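> Fold the following and give me the result.
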Amino acid sequence: MEPEALLRCVGAASCIVTQLTSGLIMGMLLFLIASGLTLIFGVLNVTNFAHGSFYMLGAYISLTIYRLTDNYFIAVIGAALAVGVIGMLFERFLMSRVYGSNVLMQLLVCYAVVLIADDAVKLIWGPAVLSMGMPVEFRLPPWRIMGGVVPPFYAFLILAAALIGLGLWAVIALTRFGKVVRAAAVNAPMVAALGIPVNRYFALVFGLGTMLAGAAGALAAPVRSLTPGMGFSILIESFIVTVIGGMGSIGGALVAALLLGLTRSFGSIGFPLFVDGAMFLIMILVLIFKPSGLFGKPAR
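All right, here's what the predicted structure looks like:
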């Protein structure tokens, strides 16, 4: 524990800006991943334990597209769309077979996909650690804000994640697609009885959820090392976010992701050996005092 270092950081504007930026980056990327996870659970009532693998695929596919096009924006969009298509195929051919089954069956299917995805990455990209490097578009001098250093790419990550999250809210809350999805989440048989192809909507929801994970992986590729199995740790953190925010609550995922991102950022200064423990401690406290999560609805 180093409380003196944390107090010194809180008392210095430059340190606050730097750590706040770092926390917002981690929080917003976690939000993208967790929002896809909670969207899938809220509509399909399925816990996608393979969600971290789609984050990994997004990072690797974006690296390949970037090497081919030398354009980071094309790489991010292409990777997100590709992962979304893979997610829909995963839902149609595998997950749709275990709807209504117990959680153990869903876990076994997802775990098998995780192992297959990790080995596929090793076959296609190799087992070595890869790095995209900073895209040409963002090789710019860092900004100085109140004495703190903020690279332009970090500001782009925060803004891009926020815009994607806003777009997700608009799709779910304001479009016909969102209305059908919300109705199907409450009573899918009734929606199907009205002649609406519910299965297609379920596939699109699953694809949208995995596309968010792929987008997060693609956005983070320049500042993360790409290794097979990199989705496992991010999966654990996204589950923590989902539990704290409330299963099925996208707004809760945002608040919880920012909370954990700032905890990890400032915790790395004040209690560097207990950062992961602090995240799990927050989750335990929420489960004790509000088992449904901060914004989740109690089960009826």
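> For the helix or strand hosting Thr21, enumerate the helices and strands it packs against.
Using DSSP states H and E, Thr21 sits in helix 13-44. If you count contacts as 3 or more C-beta pairs under 8 Å, 6 or more residues apart in numbering; DSSP states H and E, helix 13-44 packs onto helix 3-10, helix 51-69, strand 148-150, helix 152-174, helix 176-193, helix 198-220, helix 231-245, helix 250-270. All C-beta atoms are positioned from the backbone trio N, CA, C, and that covers glycine.
> for the chain, which spans come out with low pLDDT?
The chain contains residues with pLDDT under 70 at 1, 297-300.
> most centrally placed residue in it?
Note on the chain: the residue nearest the mean C-alpha position is Ile33, at 1.0 Å, using C-alpha atoms, centre = their mean.
> Report the contact partners of that one.
His51, Gly52, Tyr55, Leu212, Ala213, Ala216, Ile234, Ser238, Val241 (C-beta atoms under 8 Å, 6 or more residues apart in numbering).
> closest to Ser292 among those?
Taking C-beta to C-beta as the measure, Ser292 lies nearest Val241 of the contacts of Ile33, at 14.8 Å.
> What is the burial count for the spatially closest residue to the closest one that is not a sequence neighbour?
Closest residue to Val241 apart from its sequence neighbours, by C-beta to C-beta, 6 or more residues apart in numbering: Ala34 at 3.9 Å. A count of nearby residues for Ala34, using other C-beta atoms under 10 Å, gives 32.
> Let me see the contact set for Ala34.
Residues counted as contacts of Ala34 (C-beta under 8 Å, 6+ apart) are Ser238, Phe239, Val241, Thr242, Gly245, Ala253, Ala256, Ala257.
> Can you give me the separation between it and Cys15?
Separation of Ala34 from Cys15 (C-beta to C-beta, to the nearest Å) stands at 27 Å.
> now swap in Ser233 and tell me
In terms of C-beta to C-beta, Ser233 sits 26 Å off from Cys15.
> And for Phe31?
Taking C-beta to C-beta, one finds Phe31 at 24 Å from Cys15.
> okay, the two: which has more neighbours?
Comparing Phe31 with Cys15 by other C-beta under 10 Å, the one with more neighbours is Phe31, at 30 against 19.
> That one reaches Gly252, doesn't it?
No. The pair Phe31 / Gly252 is not scored as a contact, 10.3 Å apart, by C-beta atoms under 8 Å.
> Mind listing the shared neighbours of the two?
Here Phe31 and Gly252 have no joint contacts, going by C-beta under 8 Å, 6+ apart.
> which residues touch Ile77?
Ile77 sits next to no residue when contact means C-beta under 8 Å, 6+ apart.
> Tell me the spacing between the nearest residue to Ser14 once chain neighbours are set aside and Met105.
Distances taken as C-beta to C-beta, 6+ apart place Gly147 nearest to Ser14, at 3.2 Å, with adjacent residues excluded. Distance of Gly147 to Met105, given as C-beta to C-beta: 55 Å.
> Could you do Pro141 as well?
53 Å.
> the more surrounded of the two?
Under the criterion of other C-beta under 10 Å, the comparison of Pro141 against Met105 puts Met105 first, with 12 against 8.
> host element of that one?
Element membership for Met105, per DSSP H and E: helix 103-125.
> how big is the angle separating that helix from helix 51-69?
Following axes from the mean of the first three to the mean of the last three C-alpha atoms, to 10 degrees, one obtains 20 degrees for the angle between helix 103-125 and helix 51-69.
> Now find how far off-centre the very next helix or strand once past helix 103-125 is within its chain.
Counting by DSSP H and E, the next helix or strand C-terminal to helix 103-125 is strand 143-145. The chain centre lies 28 Å from the centre of strand 143-145; the measure is C-alpha atoms, centre = their mean, to the nearest Å.
> got it, and stretch 221-234?
Stretch 221-234 sits 12 Å away from the centroid of its parent chain (C-alpha atoms, centre = their mean).
> Can you mark which positions in that stretch are buried?
If you call a residue buried by 16 or more other C-beta atoms under 10 Å, then stretch 221-234 has these buried ones: Ala221, Pro222, Val223, Arg224, Leu226, Thr227, Pro228, Gly229, Met230, Gly231, Ile234.
> Just name the closest of these to Leu123, please.
Leu123 lies nearest to Pro228 out of the buried residues of stretch 221-234, by C-beta to C-beta, at 9.7 Å.
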